[in-house]
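> pasting a predicted model and its sequence here:
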Amino acid sequence: MLSSTNTIDEDILTIIKSDAIHVKDLNVWYKKNHALKNVNINIKEKSITAFIGPSGCGKTTLLRCFNRMNDGIEGFKLEGSILINNKDIYNINKLIELIEIRRKIGMVFQQPNLFPMSITRNMKLPVKENFMSLSDKDINRIIEKKLKDVHIYEEVKNRLNKSALYLSGGQQQRLCIARTIAIDPQIILFDEPCSALDPISTMKIEDLLMDLKEKYTIVIVTHNLEQAKRIADYVAFFYNGMIVEQGACEDIFINPKEEMTIKYLSGKF
Ligand SMILES: Nc1ncnc2c1ncn2[C@@H]1O[C@H](COP(=O)(O)OP(=O)(O)OP(=O)(O)O)[C@@H](O)[C@H]1O
(Lines give C-alpha, C1' and ligand atoms only; values in the text may rest on other atoms or scores of the structure.)
Protein backbone atom coordinates (compact mmCIF):
# COMPACT_ATOMS: atom_id res chain seq x y z
CA MET A 1 0.00 0.00 0.00
CA LEU A 2 2.72 2.39 1.09
CA SER A 3 4.92 1.55 -1.84
CA SER A 4 2.11 2.11 -4.38
CA THR A 5 1.47 5.59 -2.89
CA ASN A 6 5.17 6.34 -3.17
CA THR A 7 5.16 5.30 -6.80
CA ILE A 8 2.29 7.66 -7.58
CA ASP A 9 4.07 10.54 -5.79
CA GLU A 10 7.24 9.85 -7.72
CA ASP A 11 5.30 9.78 -11.00
CA ILE A 12 3.69 13.10 -10.21
CA LEU A 13 7.05 14.55 -9.29
CA THR A 14 8.53 13.52 -12.60
CA ILE A 15 5.62 15.01 -14.52
CA ILE A 16 5.51 18.41 -12.80
CA LYS A 17 8.57 20.27 -13.99
CA SER A 18 9.89 23.45 -12.43
CA ASP A 19 10.71 26.57 -14.33
CA ALA A 20 14.34 26.95 -15.33
CA ILE A 21 13.92 30.50 -16.66
CA HIS A 22 11.30 33.13 -15.72
CA VAL A 23 10.91 36.03 -18.11
CA LYS A 24 8.77 38.86 -16.79
CA ASP A 25 7.57 41.98 -18.63
CA LEU A 26 10.61 42.00 -20.86
CA ASN A 27 11.18 44.84 -23.31
CA VAL A 28 14.27 45.13 -25.47
CA TRP A 29 15.42 47.89 -27.79
CA TYR A 30 18.27 48.17 -30.27
CA LYS A 31 18.47 51.97 -30.36
CA LYS A 32 14.91 52.93 -31.43
CA ASN A 33 13.96 49.48 -32.67
CA HIS A 34 11.62 47.97 -30.06
CA ALA A 35 12.67 44.33 -30.67
CA LEU A 36 10.86 42.59 -27.77
CA LYS A 37 7.56 43.89 -26.40
CA ASN A 38 6.18 42.86 -23.00
CA VAL A 39 7.42 39.30 -23.23
CA ASN A 40 6.41 36.89 -20.46
CA ILE A 41 7.40 33.25 -20.59
CA ASN A 42 8.51 30.51 -18.21
CA ILE A 43 10.85 27.89 -19.63
CA LYS A 44 10.35 24.46 -18.08
CA GLU A 45 13.41 22.60 -16.89
CA LYS A 46 14.61 19.42 -18.61
CA SER A 47 12.41 19.89 -21.61
CA ILE A 48 12.69 21.33 -25.11
CA THR A 49 11.11 24.72 -25.80
CA ALA A 50 11.05 25.87 -29.41
CA PHE A 51 10.83 29.52 -30.48
CA ILE A 52 9.11 29.81 -33.86
CA GLY A 53 7.98 32.74 -35.97
CA PRO A 54 8.89 34.72 -39.09
CA SER A 55 12.23 36.41 -39.61
CA GLY A 56 13.04 39.44 -37.49
CA CYS A 57 10.34 38.83 -34.87
CA GLY A 58 12.73 38.63 -31.89
CA LYS A 59 13.40 34.90 -31.33
CA THR A 60 17.19 35.14 -31.37
CA THR A 61 17.13 38.35 -29.36
CA LEU A 62 15.30 36.60 -26.52
CA LEU A 63 17.57 33.54 -26.74
CA ARG A 64 20.65 35.74 -26.53
CA CYS A 65 19.19 37.65 -23.55
CA PHE A 66 19.29 34.38 -21.57
CA ASN A 67 23.09 34.49 -21.37
CA ARG A 68 23.47 38.25 -21.78
CA MET A 69 25.06 37.95 -25.18
CA ASN A 70 23.44 41.19 -26.39
CA ASP A 71 25.14 43.27 -23.70
CA GLY A 72 27.93 44.57 -25.90
CA ILE A 73 25.66 45.71 -28.74
CA GLU A 74 25.54 49.49 -29.18
CA GLY A 75 22.10 50.87 -28.37
CA PHE A 76 20.91 47.67 -26.65
CA LYS A 77 18.51 48.44 -23.79
CA LEU A 78 16.50 46.03 -21.64
CA GLU A 79 13.67 46.49 -19.15
CA GLY A 80 11.95 43.77 -17.13
CA SER A 81 13.54 40.71 -15.60
CA ILE A 82 14.95 37.31 -16.44
CA LEU A 83 15.27 34.99 -13.45
CA ILE A 84 17.55 31.98 -13.56
CA ASN A 85 18.04 30.04 -10.31
CA ASN A 86 15.93 32.75 -8.66
CA LYS A 87 18.47 35.39 -9.61
CA ASP A 88 17.67 38.30 -11.90
CA ILE A 89 20.51 37.97 -14.38
CA TYR A 90 20.19 41.64 -15.34
CA ASN A 91 20.55 42.75 -11.76
CA ILE A 92 24.03 41.45 -11.06
CA ASN A 93 26.88 43.64 -9.94
CA LYS A 94 29.74 41.21 -9.58
CA LEU A 95 31.62 40.02 -12.65
CA ILE A 96 32.15 36.62 -11.03
CA GLU A 97 28.37 36.09 -10.87
CA LEU A 98 28.02 36.94 -14.55
CA ILE A 99 30.79 34.48 -15.41
CA GLU A 100 29.04 31.81 -13.33
CA ILE A 101 25.73 32.42 -15.16
CA ARG A 102 27.40 32.16 -18.53
CA ARG A 103 29.02 28.90 -17.43
CA LYS A 104 25.62 27.46 -16.60
CA ILE A 105 24.15 28.43 -19.94
CA GLY A 106 25.74 26.93 -23.02
CA MET A 107 25.05 28.07 -26.55
CA VAL A 108 25.22 26.31 -29.91
CA PHE A 109 25.04 28.45 -33.04
CA GLN A 110 23.82 28.06 -36.60
CA GLN A 111 27.36 27.44 -37.89
CA PRO A 112 29.71 25.20 -35.90
CA ASN A 113 32.28 27.50 -34.28
CA LEU A 114 35.16 25.17 -33.54
CA PHE A 115 38.74 26.36 -33.18
CA PRO A 116 41.18 25.41 -35.97
CA MET A 117 42.77 22.85 -33.66
CA SER A 118 42.54 19.15 -32.95
CA ILE A 119 39.33 17.56 -31.65
CA THR A 120 41.04 16.92 -28.31
CA ARG A 121 42.21 20.54 -27.93
CA ASN A 122 38.76 21.86 -28.81
CA MET A 123 37.38 19.80 -25.94
CA LYS A 124 40.29 20.39 -23.55
CA LEU A 125 40.21 24.19 -23.61
CA PRO A 126 36.81 24.73 -21.98
CA VAL A 127 37.29 21.83 -19.54
CA LYS A 128 40.68 23.16 -18.37
CA GLU A 129 39.39 26.71 -18.11
CA ASN A 130 36.41 25.70 -15.99
CA PHE A 131 37.87 22.88 -13.89
CA MET A 132 41.41 24.08 -13.28
CA SER A 133 42.33 21.53 -10.63
CA LEU A 134 41.60 18.43 -12.74
CA SER A 135 44.43 16.11 -13.69
CA ASP A 136 45.11 15.33 -17.36
CA LYS A 137 43.76 11.84 -16.76
CA ASP A 138 40.45 13.20 -15.46
CA ILE A 139 40.23 15.70 -18.31
CA ASN A 140 40.72 12.91 -20.86
CA ARG A 141 38.07 10.86 -19.08
CA ILE A 142 35.58 13.75 -19.30
CA ILE A 143 36.39 14.30 -22.98
CA GLU A 144 35.78 10.64 -23.81
CA LYS A 145 32.53 10.58 -21.82
CA LYS A 146 31.16 13.74 -23.46
CA LEU A 147 32.10 12.57 -26.96
CA LYS A 148 30.21 9.36 -26.18
CA ASP A 149 27.23 11.35 -24.88
CA VAL A 150 26.86 13.06 -28.27
CA HIS A 151 27.35 9.75 -30.12
CA ILE A 152 30.45 10.83 -31.97
CA TYR A 153 33.19 8.98 -30.10
CA GLU A 154 33.21 5.89 -32.32
CA GLU A 155 33.41 8.10 -35.42
CA VAL A 156 36.38 10.15 -34.20
CA LYS A 157 38.30 8.00 -31.72
CA ASN A 158 41.09 7.31 -34.23
CA ARG A 159 41.53 10.94 -35.25
CA LEU A 160 41.31 12.81 -31.94
CA ASN A 161 44.56 14.63 -32.64
CA LYS A 162 43.57 15.72 -36.15
CA SER A 163 41.94 19.07 -36.92
CA ALA A 164 38.30 19.35 -35.91
CA LEU A 165 37.72 21.31 -39.12
CA TYR A 166 38.13 18.10 -41.19
CA LEU A 167 34.91 16.72 -39.72
CA SER A 168 31.61 16.94 -41.61
CA GLY A 169 29.21 19.78 -40.74
CA GLY A 170 26.99 17.44 -38.70
CA GLN A 171 29.98 15.98 -36.83
CA GLN A 172 31.29 19.50 -36.13
CA GLN A 173 27.91 20.49 -34.73
CA ARG A 174 27.88 17.40 -32.47
CA LEU A 175 31.42 18.26 -31.35
CA CYS A 176 30.22 21.79 -30.50
CA ILE A 177 27.49 20.20 -28.37
CA ALA A 178 30.05 17.90 -26.68
CA ARG A 179 32.19 20.96 -25.92
CA THR A 180 29.15 22.76 -24.49
CA ILE A 181 28.13 19.90 -22.19
CA ALA A 182 31.74 19.28 -21.13
CA ILE A 183 31.44 22.06 -18.54
CA ASP A 184 28.12 20.83 -17.12
CA PRO A 185 25.70 23.62 -18.01
CA GLN A 186 22.07 23.60 -16.80
CA ILE A 187 20.61 25.21 -19.89
CA ILE A 188 21.62 24.91 -23.54
CA LEU A 189 20.51 27.50 -26.10
CA PHE A 190 20.40 26.39 -29.73
CA ASP A 191 20.12 29.04 -32.46
CA GLU A 192 18.96 27.18 -35.60
CA PRO A 193 21.55 24.42 -35.08
CA CYS A 194 20.46 22.38 -38.09
CA SER A 195 19.93 25.09 -40.68
CA ALA A 196 23.24 24.30 -42.39
CA LEU A 197 22.86 20.51 -42.18
CA ASP A 198 21.56 17.76 -44.48
CA PRO A 199 18.49 15.71 -43.39
CA ILE A 200 20.52 12.80 -41.94
CA SER A 201 22.78 15.04 -39.85
CA THR A 202 19.67 16.97 -38.79
CA MET A 203 18.01 13.76 -37.63
CA LYS A 204 21.10 12.85 -35.58
CA ILE A 205 21.06 16.26 -33.87
CA GLU A 206 17.33 15.97 -33.18
CA ASP A 207 17.81 12.49 -31.64
CA LEU A 208 20.63 13.91 -29.56
CA LEU A 209 18.50 16.80 -28.29
CA MET A 210 15.84 14.29 -27.22
CA ASP A 211 18.54 12.47 -25.20
CA LEU A 212 19.99 15.67 -23.76
CA LYS A 213 16.70 16.97 -22.40
CA GLU A 214 16.84 14.23 -19.74
CA LYS A 215 19.65 16.22 -18.18
CA TYR A 216 19.53 19.75 -19.55
CA THR A 217 16.94 22.45 -20.24
CA ILE A 218 16.91 23.14 -23.96
CA VAL A 219 15.69 26.23 -25.81
CA ILE A 220 15.88 26.15 -29.59
CA VAL A 221 15.17 28.76 -32.26
CA THR A 222 14.02 27.04 -35.42
CA HIS A 223 12.45 28.00 -38.73
CA ASN A 224 11.69 24.35 -39.35
CA LEU A 225 8.13 23.79 -38.12
CA GLU A 226 8.38 20.04 -38.67
CA GLN A 227 11.45 20.01 -36.46
CA ALA A 228 9.60 21.89 -33.72
CA LYS A 229 6.73 19.40 -34.03
CA ARG A 230 9.11 16.42 -33.80
CA ILE A 231 11.16 17.47 -30.81
CA ALA A 232 9.57 20.28 -28.81
CA ASP A 233 7.64 19.84 -25.58
CA TYR A 234 6.67 23.52 -25.53
CA VAL A 235 6.41 26.09 -28.29
CA ALA A 236 6.31 29.89 -28.30
CA PHE A 237 5.14 31.66 -31.45
CA PHE A 238 6.68 35.12 -31.95
CA TYR A 239 5.41 37.87 -34.19
CA ASN A 240 6.62 41.43 -34.41
CA GLY A 241 8.55 41.31 -31.10
CA MET A 242 5.70 39.71 -29.12
CA ILE A 243 4.92 36.19 -28.03
CA VAL A 244 1.51 35.76 -29.62
CA GLU A 245 0.88 32.26 -28.31
CA GLN A 246 2.72 29.72 -26.18
CA GLY A 247 1.99 26.32 -24.68
CA ALA A 248 2.42 22.59 -25.07
CA CYS A 249 3.62 21.61 -28.54
CA GLU A 250 0.48 19.56 -29.39
CA ASP A 251 -1.80 22.42 -28.35
CA ILE A 252 0.00 24.96 -30.51
CA PHE A 253 0.19 22.73 -33.59
CA ILE A 254 -3.13 20.91 -33.32
CA ASN A 255 -5.32 23.54 -31.73
CA PRO A 256 -3.83 27.03 -32.08
CA LYS A 257 -6.08 29.73 -30.70
CA GLU A 258 -4.76 32.98 -32.13
CA GLU A 259 -5.56 34.05 -35.68
CA MET A 260 -1.90 34.97 -36.29
CA THR A 261 -0.64 31.54 -35.17
CA ILE A 262 -3.19 29.78 -37.38
CA LYS A 263 -2.07 31.87 -40.36
CA TYR A 264 1.63 31.25 -39.72
CA LEU A 265 1.25 27.51 -39.19
CA SER A 266 -0.80 27.18 -42.36
CA GLY A 267 1.88 29.02 -44.35
CA LYS A 268 -0.29 32.05 -45.02
CA PHE A 269 2.49 34.58 -44.55
N1 LIG B 1 22.73 43.27 -33.27
C2 LIG B 1 21.63 43.93 -33.63
N3 LIG B 1 21.67 45.28 -33.77
C4 LIG B 1 20.57 45.97 -34.14
N5 LIG B 1 19.37 45.40 -34.38
C6 LIG B 1 19.28 44.07 -34.25
C7 LIG B 1 20.40 43.27 -33.86
N8 LIG B 1 20.00 41.97 -33.80
C9 LIG B 1 18.70 41.97 -34.14
N10 LIG B 1 18.26 43.21 -34.40
C11 LIG B 1 16.89 43.60 -34.78
O12 LIG B 1 15.99 43.13 -33.79
C13 LIG B 1 14.82 42.59 -34.40
C14 LIG B 1 14.66 41.12 -33.98
O15 LIG B 1 15.72 40.39 -34.57
P16 LIG B 1 16.02 38.86 -34.19
O17 LIG B 1 17.31 38.47 -34.84
O18 LIG B 1 15.90 38.69 -32.74
O19 LIG B 1 14.79 38.15 -34.90
P20 LIG B 1 14.60 36.60 -35.26
O21 LIG B 1 13.17 36.31 -35.06
O22 LIG B 1 15.57 35.76 -34.51
O23 LIG B 1 14.95 36.61 -36.81
P24 LIG B 1 15.56 35.40 -37.70
O25 LIG B 1 14.55 34.32 -37.65
O26 LIG B 1 15.68 36.02 -39.06
O27 LIG B 1 16.88 35.04 -37.12
C28 LIG B 1 14.96 42.81 -35.89
O29 LIG B 1 14.33 44.00 -36.23
C30 LIG B 1 16.45 42.92 -36.08
O31 LIG B 1 16.77 43.73 -37.20
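Yep, that arrived.

> what's the burial count for K104?
As a burial measure, K104 scores 16 neighbours (other Cβ atoms under 10 Å). Glycine gets a C-beta too; all of them are placed from N, C-alpha and C.

> pretty sure it sits against I188.
No: K104 is beyond contact range of I188, at 10.1 Å (criterion: Cβ atoms under 8 Å).

> let me see the contact set for the spatially most central residue of the chain.
In the chain, the residue lying closest to the centroid (Cα atoms, centre = their mean) is L189, at 2.0 Å. By Cβ atoms under 8 Å, 6 or more residues apart in numbering, the residues touching L189 are 63-64, 66-67, 105-108, 219-220.

> ok, now how distant is K17 from S47?
When distance is defined by Cβ to Cβ, to the nearest Å, K17 is 6 Å away from S47.

> and these two? Which one has more around it.
S47 (19 against 15).

> now do the contacts for the closest residue to that one other than its chain neighbours.
Distance criterion Cβ to Cβ, 6 or more residues apart in numbering; nearest residue to S47, sequence neighbours excluded, is D233 at 4.1 Å. D233 makes contact with 44, 47-49, 213, 248-249, according to Cβ under 8 Å, 6+ apart.

> at 6 Å instead, please
By Cβ atoms under 6 Å, 6 or more residues apart in numbering, the residues touching D233 are 47-48, 249.

> next one: it from I105, what distance?
As judged by Cβ to Cβ, D233 and I105 stand 19 Å apart.

> one more: D19?
15 Å.

> between those two, who's got more neighbours?
It is I105, of D19 and I105, that has more neighbours when counted by other Cβ under 10 Å, with 23 against 14.

> so who does that one touch?
Contact analysis of I105 by Cβ under 6 Å, 6+ apart lists 67, 185, 187.

> quick one: residues contacting the first one.
Looking back up the chat, that one is N67. Shown in contact with N67 (Cβ under 6 Å, 6+ apart): 102, 105.

> start at 34, not 1
Yes, from this point I'll number from 34; that puts the last item at N100.

> quick one: mean pLDDT for stretch 94-108?
Summarised as a single mean, pLDDT over stretch 94-108 is 96.
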